[in-house]
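Peer 1: Only the shape, not the letters, is given here:
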Ligand code: GMT
């Protein structure tokens, strides 16, 4: 198949899923055309089946906000025609699903039927999407898609609860490439960060409020009162300055390190003992899955799709959002040397259930169904 993939090219989970899925599909022979304003972070174009088409956003003095959605729709029309695409797969509803709808309608006037598959990732439904300034457009574009997927059952339920959806939604969880995400021997790195064999806690995210990184710091503060420990914070975003100030206030600067955005996150995870994800909402929790694949157990909130990944008392523990007391005492249970090896082994076993090769065919099935719709449209 020749597939156009639209995503956010930044470090967010939806962009990572789109890029890794595109790469995996290219490996089994599909031709994948990424259409976005910047080359996706994890995309290298060495594979002959991978292509990148840049959306140029023209500015004009009249525009307070340049109309990206229109530029994107126009680019989709152009790429579908020049590359003879079979299908468009858009990740994150806003504004990708509505731009795809527009492209599809334009192409129909030219005698081309292009099926659109939309994958909903999280805040496009649970936060931004349900805001009344977007909701009618999000509802419409989901209903007009030829295939709709969500990354967890929880997100599927939320989508039906918040919007008037008449379309079927297929759940396809996030996936992991176990070739890349596996525990590596990085003793020198561990020694540099934890010279006295302290326990190492890690959090990675795009530092948005929804991640509740202040809870990460509070949990760590409680853990460190009981046992020698260090915390690594990986990523960057709007909350970073506030979190740096909080660490100073709690006198934690000696034991907390900010690593910023990192490409080789698996190297950090390889030396970690515990991953913290106390999010306000989390449709799946890809970062937690990456940690588990590197044998790192998870302390998380029990929101959204997290219970579909993190198994209570097996791969870690889940607590109510904001219950840092419970999260800290559970962290101490996991970090107890009597328990830690079992939790680590369980985390890896669970991660294996989400191996890329199990999940990729589920998307191919959705594509095939969308293409069947195209055939029935053409017969009409
Ligand atoms: O919804 C978001 O926050 C954006 C999105 C992203 O692009 O970072 O993250 C979501 O998609 C990931 C990939 O499907 C999921 O693993 C994350 O749980 C989800 N984030 C939230 O729901 C907060």
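Peer 2: Looks like it arrived, so ask away. All figures in this text were calculated on a predicted structure; none of them were measured in a lab.

Peer 1: The closest residue to residue 259 other than its chain neighbours: how many residues sit nearby?
Peer 2: For residue 259, ignoring the flanking residues on the chain, the nearest one in space by C-beta to C-beta, 6 or more residues apart in numbering is residue 234 at 4.7 Å. Every residue, glycine included, has its C-beta placed from N, CA and C. Residue 234 has 20 neighbours, counted by other C-beta atoms under 10 Å.

Peer 1: For residue 234, give me phi and psi.
Peer 2: Dihedral angles of residue 234 (phi, psi; degrees, to the nearest 10) stand at phi -110, psi 130.

Peer 1: In this structure it contacts residue 201, no?
Peer 2: No. Using C-beta atoms under 8 Å, residue 234 is not in contact with residue 201, being 11.5 Å away.

Peer 1: For residue 221, pull up the helix or strand it's in.
Peer 2: Using DSSP states H and E, residue 221 sits in helix 213-226.

Peer 1: elements contacting that helix?
Peer 2: strand 199-204, strand 229-234, helix 240-249, strand 274-277, helix 324-335 (3 or more C-beta pairs under 8 Å, 6 or more residues apart in numbering; DSSP states H and E).

Peer 1: For residue 151, which of these is the nearest?
Peer 2: Of all the helices and strands packed on helix 213-226, it is strand 274-277 that lies closest to residue 151, at 14.9 Å by C-beta to C-beta.

Peer 1: Are there helices or strands packed against the closest one, and which ones?
Peer 2: Counting by 3+ C-beta pairs under 8 Å, 6+ apart, strand 274-277 packs on strand 199-204, helix 213-226, helix 286-293, strand 298-301, helix 324-335.

Peer 1: which residues sit against the helix or strand bottoming out on mean pLDDT in the chain?
Peer 2: When each helix and strand of the chain is scored by mean pLDDT, DSSP states H and E, helix 123-126 comes last, with a mean of 84. Here helix 123-126 makes contact (C-beta atoms under 8 Å, 6 or more residues apart in numbering) with 14, 92-94, 129, 138, 150, 155, 158-159, 162-163, 210, 281, 283, 304.

Peer 1: for stretch 333-353, same thing?
Peer 2: Under the criterion C-beta under 8 Å, 6+ apart, residues 176, 178, 181, 183, 199, 223, 227, 229, 273-274, 289, 291-293, 295-299, 309, 311, 314-317 lie in contact with stretch 333-353.

Peer 1: So what would you say the end-to-end distance of stretch 310-328 is?
Peer 2: One end of stretch 310-328 sits 16 Å from the other (C-alpha to C-alpha, to the nearest Å).

Peer 1: so what pLDDT did residue 320 get?
Peer 2: pLDDT for residue 320: 98.

Peer 1: Correction: the previous question concerned residue 358.
Peer 2: The model's pLDDT for residue 358 equals 94.

Peer 1: pretty sure it is in contact with residue 175, am I right?
Peer 2: Yes. Here residue 358 lies in contact with residue 175, judged by C-beta under 8 Å, at a distance of 7.3 Å.

Peer 1: Out of the two, name the residue with the larger neighbour count.
Peer 2: Of the pair residue 358 and residue 175, residue 175 is the one with more neighbours under other C-beta under 10 Å, namely 24 against 13.

Peer 1: and the more buried one, how far is that from residue 351?
Peer 2: The spacing between residue 175 and residue 351, counted by C-beta to C-beta, to the nearest Å, is 10 Å.

Peer 1: Now do the shared contacts for those two.
Peer 2: By C-beta under 8 Å, 6+ apart, no residue touches both residue 175 and residue 351.

Peer 1: residue ranges with poor pLDDT in this structure?
Peer 2: 11, 378-380 (pLDDT under 70).

Peer 1: Mind jotting down where the strands sit in it?
Peer 2: Under the criterion DSSP state E, the chain contains strands at 2-6, 31-36, 50-54, 87-91, 116-120, 147-150, 170-171, 199-204, 229-234, 256-260, 274-277, 298-301, 316-319.

Peer 1: how much space between residue 344 and the ligand?
Peer 2: 22 Å (C-beta to the nearest ligand atom, to the nearest Å).

Peer 1: what residues does the stretch 51-200 of the chain put near the ligand?
Peer 2: 121-123, 151, 174 (C-beta under 6 Å from any ligand atom).

Peer 1: Could you pick out the buried ones from the residues you listed?
Peer 2: With neighbours counted by 16 or more other C-beta atoms under 10 Å, these contain buried members at 121-123, 151, 174.

Peer 1: Stretch 356-368: how far from the chain's middle?
Peer 2: 17 Å (C-alpha atoms, centre = their mean, to the nearest Å).

Peer 1: tell me which residues of that stretch are tucked away?
Peer 2: Using 16+ other C-beta under 10 Å as the test for burial, stretch 356-368 gives 356, 359-360, 363, 366-367.

Peer 1: give the contact list for the residue nearest to residue 259.
Peer 2: Contact partners of residue 234, counting by C-beta under 8 Å, 6+ apart, are 202-205, 259-262, 265, 268.

Peer 1: try residue 203
Peer 2: By C-beta under 8 Å, 6+ apart, the contact set of residue 203 is 211, 213, 216, 231-234, 275-277.

Peer 1: Just put the residues you listed in TSV and tack on distance to the ligand.
Peer 2: Output for those, formatted as TSV (distance: C-beta to the nearest ligand atom, whole Å):
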residue	distance to the ligand
211	7
213	13
216	15
231	21
232	20
233	17
234	14
275	13
276	15
277	9
